[in-house]
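Colleague: need coordinates for the following:
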Amino acid sequence: MAARPQPRKVRIPEHKHCPICGRSMPVDADFCSDACRKVNEERLRRERRARTITLVIYAILMAVLLLFLLGPFFRTPAG
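Modeller: I've put the predicted structure just below:
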């Protein structure tokens with residue numbers, strides 16, 4: 001039985017991939033192009049806006065809940 005030849009290991013240069021489009025780019029870069037950087041900035045801006053709106057809605061809901069729960073304690077007795 002003949003020994004199988006070992007496949008040669010190919011060295012891939014150090015790199016990382018763009019978080020937006022997935023293209024290969026240098027290790028020290030954050031994005032592969034200005035277009036991808038702008039897409040990321042817009043995505044972050046939308047996420048921040050959505051998070052802020054969600055927190056405001058939760059705060060309003062908690063205030064309404066507290067009013068319903070604590071409302072009877074603040075009413076003056078009728079009479």
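
Colleague: spell out the secondary structure type for the residue positioned nearest the centre of the chain.
Modeller: Relative to the mean C-alpha position of the chain, the nearest C-alpha, by C-alpha atoms, centre = their mean, is the one of Glu47, at 6.7 Å. Put simply, Glu47 is helix when judged by DSSP: H, G, I helix; E, B strand; the rest coil.

Colleague: pLDDT wise, what is it at?
Modeller: Looking at Glu47, its pLDDT stands at 98.

Colleague: any figure for the gap between Val39 and Ser24?
Modeller: Remark: distance between Val39 and Ser24 (C-beta to C-beta, to the nearest Å) = 18 Å. Placement of C-beta: from N, CA and C, glycine included.

Colleague: the two: who's more crowded?
Modeller: Neighbour count, other C-beta atoms under 10 Å: between Val39 and Ser24, Val39 has more, with 16 against 11.

Colleague: skipping adjacent residues, who's closest to the more buried one in space?
Modeller: Ile20 (5.2 Å; C-beta to C-beta, 6 or more residues apart in numbering).

Colleague: you'd agree the one you found is up against Phe31?
Modeller: Yes: look at Ile20 against Phe31 with C-beta atoms under 8 Å: they come within range, at 6.5 Å.

Colleague: contacts only, for Lys16.
Modeller: Counting by C-beta atoms under 8 Å, 6 or more residues apart in numbering, Lys16 touches 24-27, 29.

Colleague: switch to 10 Å and redo it
Modeller: 24-30, 32 (C-beta atoms under 10 Å, 6 or more residues apart in numbering).

Colleague: mind listing the residues bridging to it?
Modeller: Met25 (DSSP bridges).

Colleague: ramachandran coordinates for Cys21?
Modeller: The phi/psi pair for Cys21 (degrees, to the nearest 10) reads phi -110, psi -10.

Colleague: run a quick neighbour tally on it.
Modeller: Taking other C-beta under 10 Å as the criterion, the count of residues near Cys21 is 13.
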